[in-house]
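starting from these lines, generate the structure:
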Amino acid sequence: HAALLEAERSAQDALSSSHAAERDALATQHAALLDAERSARDELSTRHAEALDDARAQRDEHVDALGRRHAAALEGADAARIEAVDALERRHAAALEAVHADAEDLRRRHAAELASSSELLTLE
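Alright, predicted model coming up:
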């Protein structure tokens, strides 16, 4: 009977050791899975941050390029406006010269007509 009790005790000890070993193995696997999950999360977070940085850099480059194109367009518009104003000023100056020339011509004709009228009056 004692031998049976001893055998049962040995079997229980072996079973307890087996359970403890399984528990330890499961705990080790669980810890490894948690580490892997943490590493995967960190990697994903790093990739996400890098992708955001790249997207921001591309956005900044795009905004800079748009700003340069806008500035160039404004410069072109300013140059065209200045050229148009210069052309208007040249036309205005030419028109004033023509008006002054016509006025001078009219003054000469008027003076000639006055002189002619004066001569006629003196002859009469």
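
any chance you could map the strands in this structure?
Defined through DSSP state E, the strands belonging to the chain form an empty list.

name the spans of it whose pLDDT lies under the cut-off.
Scanning the chain for pLDDT under 70 picks out 121, 123-124.

now the helices for it?
With DSSP state H as the criterion, the chain has helices at 2-123.

I'd like to know how far Ala115 sits from Ser18.
143 Å (Cβ to Cβ, to the nearest Å). Glycine gets a C-beta too; all of them are placed from N, C-alpha and C.

with just CA atoms, put stretch 55-68 into PDB.
Extracted C-alpha coordinates of stretch 55-68, given in PDB (Å, rounded to 0.1, in the frame of the first residue of the first chain):
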ATOM      1  CA  ALA A  55       4.200  63.600 -47.100                       C
ATOM      2  CA  ARG A  56       4.900  66.900 -45.300                       C
ATOM      3  CA  ALA A  57       8.100  67.300 -47.200                       C
ATOM      4  CA  GLN A  58       6.300  66.700 -50.500                       C
ATOM      5  CA  ARG A  59       3.500  69.100 -49.500                       C
ATOM      6  CA  ASP A  60       6.100  71.800 -48.500                       C
ATOM      7  CA  GLU A  61       7.900  71.300 -51.900                       C
ATOM      8  CA  HIS A  62       4.600  71.600 -53.700                       C
ATOM      9  CA  VAL A  63       3.600  74.800 -51.800                       C
ATOM     10  CA  ASP A  64       7.100  76.300 -52.500                       C
ATOM     11  CA  ALA A  65       6.700  75.400 -56.200                       C
ATOM     12  CA  LEU A  66       3.300  77.000 -56.300                       C
ATOM     13  CA  GLY A  67       4.600  80.100 -54.500                       C
ATOM     14  CA  ARG A  68       7.400  80.400 -57.100                       C
END
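
next one: it to chain centre, how far?
Remark: stretch 55-68 is offset 4 Å from the chain centroid, using Cα atoms, centre = their mean, to the nearest Å.
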